[in-house]
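A.B. asks: Provided below for reference: sequence and predicted model.
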Amino acid sequence: MPREESQPDVLICGAGPVGLTLATQLVRHDISCRIIDKNECRTDLSKALALFARSLELLHSGIDAHDFVQQGIPVERAMVFSNQKHIGTLELAGVQSPFGTGIMIPQSDTERILEESLDALGIPVERKSELTGFEDLGDRVRCTITTGNGEETIEPAWLVGCDGAHSIVRHTLGMEFKGEADMNRWALADVRVDGANDTATLFICPHAKGLLVAFRIRDNRFRIVASSPLASLDEPHVDPKLSDIQDLVDERGPGGWTVHDPAWLTEFRVNERKVDEYQAGRVFMAGDAAHVHSPAGGQGMNTGMQDACNLAWKLALVHRNIAGSTLLDSYTSERSEVGRTVLANTGRMTRVMTMGSRFTQAIRNRLMAFLLKRPRFQHRFRMFISELGIAYPGSPITGEDHRHHRIHAGLAPGHRVPDLALQGEHGADRLHDLLADPRLTVLLYTDSTHGLEHVAAVEGAVPGFWKSSVQFARIMSDATHPTGTFHHAEADKVLEHLGLEPGSFAVIRPDGYVALLGDASNPECITRWLDSIGTAQAEH
């Protein structure tokens with residue numbers, strides 16, 4: 001039977017980066033949770049190495065993401081070599097985010113910072129606690145947890161499986177994990193490297209016998225990953241020796257590298273798989289429980305952490321009976337499409353970089369040399385790797401641009417809101433700091449002539465039962481002194497970064513994406529959009 005004390009709103013199964021991120025986001029939304037993990041302690045291995053800009057922005061809405069930045073090194077430059085010849089350089093710095101393109105940081109540090117942040121919020125990770133069964137009862141989920149002290153049954157309102165590629169949650173649901181195994185073995189080594197270029201964060205080295213990639217962890221400590229073709233998936237795993245890594249570096253690397261002082265030597269295999277649905281009733285999956293990828297691009301962990309941020313605010317609004325099933329359904333439609341795209345892109349990158357034919361390699365190298373000299377390609381790659389380009393234009397909860405005069409730059413429905421410097425009554429501020437508020441944000445841009453008139457029109461379009469779930473952020477460009485009602489921003493910056501003109505507004509989701517755009521002269525689109533994701537409360 002369930003224990004007598006109050007039940008958590010959410011049970012999170014798995015305390016890796018995805019589960020820990022979900023817990024911090026649920027706390028942000030004042031949703032109670034328990035987080036369990038069958039392992040005795042968190043990982044002490046480097047594992048996933050990159051935290052990209054979009055993940056850091058989303059983490060920062062719940063905890064201080066600068067704690068990660070202080071422990072990592074910025075992602076700034078990638079150099080491409082083939083047969084020890086420099087093909088070109090990707091300049092990765094320069095994206096419009098407070099966190100640059102992102103940072104290189106060992107997963108062990110990522111998990112430690114997340115867990116310490118959760119501890120400070122009063123949510124300890126319950127270790128050596130394994131989910132051994134569950135049943136969706138329609139209004140709650142009966143979960144059986146096995147610990148060293150025996151069995152416990154609890155009945156949270158929701159269950160989220162963040163329990164990795166071998167997810168007990170996915171297996172219990174009977175979800176098909178569609179995809180295939182990659183026909184390569186991958187050698188992995190965390191080593192020190194003498195002779196590496198001091199300015200690059202990443203080295204990409206395609207070769208006739210397979211791909212070699214080196215990620216700088218810090219100073220001269222690197223993660224080296226190298227592929228070799230498998231004749232059969234049944235070939236046994238054989239962990240590499242340091243001498244094997246040196247041979248691979250000599251064969252495929254930039255040249256002149258010496259590896260030593262290994263901290264981790266292992267072999268791994270890659271699957272590219274994904275479930276169709278991320279939700280079954282009151283049970284959800286996120287991260288590797290829902291999708292696994294090739295390591296190319298380092299997108300896997302970041303994709304999972306962003307699954308968690310996408311789910312948390314939707315779960316909070318539905319749990320409070322503010323929004324309905326349409327909102328929760330959008331979790332699968334939005335994140336499944338992102339997972340599919342990441343799967344396709346990383347798989348394609350892996351196949352391109354592991355071409356075996358000398359002829360196709362020569363064509364690839366010429367094409368890469370050409371593209372790497374093109375600023376447009378460099379920009380697109382930065383947006384891909386930083387994940388700032390992720391958007392949900394086709395989502396069922398993405399509204400339209402209802403403005404009479406549309407500017408073909410700046411904000412667009414379904415896209416991320418860039419940051420913007422603001423001046424508030426109490427000093428400098430930033431737009432992303434305002435968006436850290438867990439509520440939906442109605443961002444109104446107005447002028448001193450129509451300020452209060454525009455405010456009254458837009459705020460009046462929000463139904464009463466939504467009021468506690470919506471904040472109003474007001475920007476005025478032609479006021480020299482901000483007040484408690486308005487923030488001040490330079491008009492040219494508002495136009496450049498947001499594409500807004502006075503009298504226009506944006507409804508922004510708690511995860512920082514635009515829901516819809518409109519004019520203060522016709523704010524009814526706000527009411528219609530809220531009704532589309534709301535519940536029967538709108539009738540009261």
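C.D. replies: Thanks, I have it.

A.B. asks: got the contact list for the closest residue to L435 other than its chain neighbours?
C.D. replies: Excluding its sequence neighbours, the residue lying closest to L435 (Cβ to Cβ, 6 or more residues apart in numbering) is G512, at 5.4 Å. Bear in mind the C-beta positions are built from the backbone N, C-alpha and C, glycine included. Shown in contact with G512 (Cβ atoms under 8 Å, 6 or more residues apart in numbering): E57, L58, S61, R416, V417, H432, L435.

A.B. asks: how about the helices of the stretch 51-200 of the chain, start to end?
C.D. replies: 53-60, 66-71, 107-120, 168-173 (DSSP state H, counting those that start in this stretch).

A.B. asks: can you tell me what sits against the first one?
C.D. replies: Residues outside helix 53-60 that contact it (Cβ under 8 Å, 6+ apart) are 21, 24, 51, 65-66, 68-69, 95, 97-103, 302, 305-306, 309, 386-388, 390, 416, 432, 436, 511-512.

A.B. asks: and the helices of the stretch 51-200 of the chain, which is most packed in?
C.D. replies: helix 53-60 (a mean of 25; mean count of other Cβ atoms under 10 Å).

A.B. asks: okay, domains of the chain per the record?
C.D. replies: Domain assignment for the chain by automatic domain parsing gives 10-49+106-177+275-353, 179-271, 421-539.

A.B. asks: so where's the stretch 251-400 of the chain uncertain?
C.D. replies: Where the stretch 251-400 of the chain drops to pLDDT under 70, the residues are 296-297, 356.

A.B. asks: ok, which stretches of it are strands?
C.D. replies: 258-274, 279-280, 283-285, 291-292 (DSSP state E, counting those that start in this stretch).

A.B. asks: of the ones you listed, which is nearest D401?
C.D. replies: D401 lies closest to strand 279-280 among the strands of the stretch 251-400 of the chain, at 29.0 Å (Cβ to Cβ).

A.B. asks: my guess is S294 contacts M349. True?
C.D. replies: Yes. When contacts are counted by Cβ atoms under 8 Å, S294 is listed as touching M349 (7.2 Å).

A.B. asks: how near is the closest residue to F505 other than its chain neighbours to F486?
C.D. replies: Spatial nearest neighbour of F505, chain neighbours left out: L444 (4.5 Å); criterion: Cβ to Cβ, 6+ apart. Counting by Cβ to Cβ, to the nearest Å, the gap from L444 to F486 is 9 Å.

A.B. asks: quick check: neighbours shared by those two?
C.D. replies: Counting by Cβ under 8 Å, 6+ apart, the residues touching both L444 and F486 are R474, I475.

A.B. asks: angle of the lengthiest helix in the chain against strand 258-274?
C.D. replies: Looking across the chain with DSSP state H, the single longest helix is helix 325-353. Relative orientation of helix 325-353 and strand 258-274, computed by axes from the mean of the first three to the mean of the last three Cα atoms, to 10 degrees: 130 degrees.

A.B. asks: so where's this protein shaky on pLDDT?
C.D. replies: 1-5, 296-297, 356, 427-428, 479-484, 536-540.

A.B. asks: in it, which residue sits furthest out from the middle?
C.D. replies: Within the chain, T449 marks the point farthest from the mean C-alpha position, 40.6 Å out by Cα atoms, centre = their mean.

A.B. asks: which residues does that residue contact?
C.D. replies: With Cβ under 8 Å, 6+ apart, T449 has no contacts at all.

A.B. asks: the residue nearest to F505 is in contact with A473, isn't it?
C.D. replies: Yes. Here L444 lies in contact with A473, judged by Cβ under 8 Å, at a distance of 7.2 Å.

A.B. asks: more neighbours: these two, which one.
C.D. replies: Neighbour tally, L444 and A473, criterion other Cβ atoms under 10 Å: the higher count belongs to L444, 25 against 19.

A.B. asks: related to what we said a few turns ago, got a markdown table for the strands of the stretch 251-400 of the chain, with distance to T535 and mean neighbour count too?
C.D. replies: Formatted as a markdown table, those follow (distance: least, Cβ to Cβ, whole Å; neighbours: other Cβ atoms under 10 Å):
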| stretch | distance to T535 | mean neighbour count |
| --- | --- | --- |
| strand 258-274 | 31 | 15 |
| strand 279-280 | 18 | 20 |
| strand 283-285 | 20 | 28 |
| strand 291-292 | 30 | 24 |
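
A.B. asks: brilliant, that's me finished.
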